[in-house]
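Undergrad: the amino acid sequence is not available; the structure is as follows:
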């Protein structure tokens, strides 16, 4: 076989291997204590595979307690897909760092997963059938920083579904639940216990000592076979009530090295990211183009309400139209992770080099206990002239600065043309009637103004922009010139552009723009410089 044939076969094999459905693996938690069970989930979307995953690789470090299979159908982009999941309950055989190895299903393999199995706490009420414990992830935290409170209810007897836990209420602290309660099993002194685990993120608002009160768990424990009474389907059991020990959290004040002009931001980790659409670094940017900038602030150990607004993108020759920020919270093994995403439309109004300043956020690293700065670098954007907007180029354009005598040349040329035109019209007027009827081409100014009024009062930014351009083409001035001398019109045009370039267009109100159009003052007549050639003769001499 030729080298070309071998290459094609290799390429085909690589494509088929890449298209082979993968076997994905996930666990409900990656940190647990010795004796606790966890759930491993394997998922496959290969509808041609009817076998089961090979679990023999788990036998070295884990006991496989149970396995259940779930088949499901879901739609994605209009396409229905089938998937199969296997939920496997595992009990680690030892403590320390363990790894769930890659598992095989047909020709697919799952990715390995690392676990941390901690030594069991020997100070529990091991002889009690139901008991509760409360722990904090750290003995002290900074004010407004996250502390994770974990409550675990252990029971070696079956419980009915009428259980309840008293609410966590703290003075001078904000409490955020970290997801739903989860259940698993733990073996203590050879006795298997069910575990109900609930976690909270606690943010103390004052320095000092925060007292966390005891919480009470109430449930009905099912009676054993010896205790059960032969009643007609009635529930048999006994009421149990257990309480956790109170805890004390030391809350540290803001460190002296923190800058007083910055909002206090204690986090385990913080990152800044930005995305552009389109990317100004890969394509040309012209005056009037809309650039969308997304800046995402992500902080580990904070809630989204604690994240401050990001500095606005301010630069000469740039108009900014921001959207409402998007706030999200994600729950992980370490607690809460907050995200703040800010989206803005940026429209350049001048050609040349546009310098965007660097964006910086100051925060306190609670993991390493020191001040840090996260930033996005400054960016330079080259803005080109837009031929479609040449008529609206400001008087202060760079080309005018390089040729300061051009106004006088233009005035002389205009004067000569108007003189020649005046004499021509005067000569023709001698042989024409005083009133000459002419056919009007295109819509009348009144029709265009009515179209503009209807679009404005209908609060339709797209239709208003089209009607405004059509009306402006029949005016003696450009929109830029009218807006430059009439502030209400300039403000109304900014509102229209904001509606066109951002997602808030559906809330735009066109009444202000229509009011500004109707109150534009007439332009002052400017006399061009003339020579001593005398004034023009009257258009219609008597």
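TA: Thanks, I have it. A quick note: this is a predicted structure, and the numbers were derived from the prediction, not measured.

Undergrad: CA atoms for contacts and neighbours, from now on please.
TA: OK.

Undergrad: pLDDT at residue 196, what is it?
TA: pLDDT recorded at residue 196 is 95.

Undergrad: if you could redo that for residue 531, that was the one I meant.
TA: So, for residue 531, pLDDT stands at 41.

Undergrad: adjust the sequence numbering to begin at 239 for everything that follows.
TA: In the new count, where the first residue is 239, that last one comes out as residue 769.

Undergrad: so how far is residue 706 from residue 330?
TA: 72 Å (CA to CA, to the nearest Å).

Undergrad: which strand or helix spans residue 310?
TA: Residue 310 is part of strand 300-314, with elements assigned from DSSP states H and E.

Undergrad: oops, could you answer that again for residue 322 instead?
TA: Assigned by DSSP H and E, residue 322 falls within strand 317-330.

Undergrad: contact partners of that strand?
TA: Strand 317-330 has contacts (CA atoms under 8 Å, 6 or more residues apart in numbering) with 272-285, 299-313, 355.

Undergrad: so where do the helices sit in the stretch 639-780 of the chain?
TA: 644-667, 683-695, 699-710, 717-723, 725-739, 749-756 (DSSP state H, counting those that start in this stretch).

Undergrad: er, the stretch 439-588 of the chain I mean
TA: Along the stretch 439-588 of the chain, no stretch is classed among the helices by DSSP H, counting those that start in this stretch.

Undergrad: strands of that one, start to end?
TA: For the stretch 439-588 of the chain, applying DSSP state E, counting those that start in this stretch gives strands covering 446-450, 454-460, 475-481, 485-490, 504-505, 507-515, 523-524, 529-538, 556-560, 564-570, 573-586.

Undergrad: partners of the third one, with directions?
TA: When pairing is defined by DSSP bridges, strand 475-481 lines up against strand 454-460 (antiparallel).

Undergrad: gap between the strand it pairs with and the chain center?
TA: Relative to the chain's own centre, strand 454-460 is displaced by 42 Å; criterion: CA atoms, centre = their mean, to the nearest Å.

Undergrad: contact partners of it?
TA: Outside strand 454-460, the residues that touch it by CA under 8 Å, 6+ apart are 370, 391, 395-404, 474-482.

Undergrad: filter those residues down to just the buried residues.
TA: 370, 391, 396-397, 403, 474-475, 479-482 (16 or more other CA atoms under 10 Å).

Undergrad: lowest pLDDT pick from these?
TA: Comparing the buried ones among the contacts of strand 454-460 by pLDDT, residue 474 comes last, at 63.

Undergrad: quick revisit: with neighbour numbers in mind, choose between residue 330 and residue 706.
TA: Under the neighbour definition other CA atoms under 10 Å, residue 330 and residue 706 were set side by side, and residue 330 has more, 23 against 20.

Undergrad: the more buried one bridge partners, please.
TA: residue 300.

Undergrad: residue nearest the centroid of the protein?
TA: With distances taken as CA atoms, centre = their mean, residue 579 lies nearest the centre of the chain, 3.5 Å away.

Undergrad: next, the contact list for that residue, please.
TA: Counting by CA under 8 Å, 6+ apart, residue 579 makes contact with 532-535, 563-565.

Undergrad: mind doing that once more with 10 Å?
TA: Residue 579 makes contacts with 510-512, 532-536, 547-548, 561-566, as judged by CA atoms under 10 Å, 6 or more residues apart in numbering.

Undergrad: how's this structure carved up into domains?
TA: The record assigns the chain these domain ranges, following automatic domain parsing: 257-356, 368-460+475-490, 504-625, 643-667+680-780.
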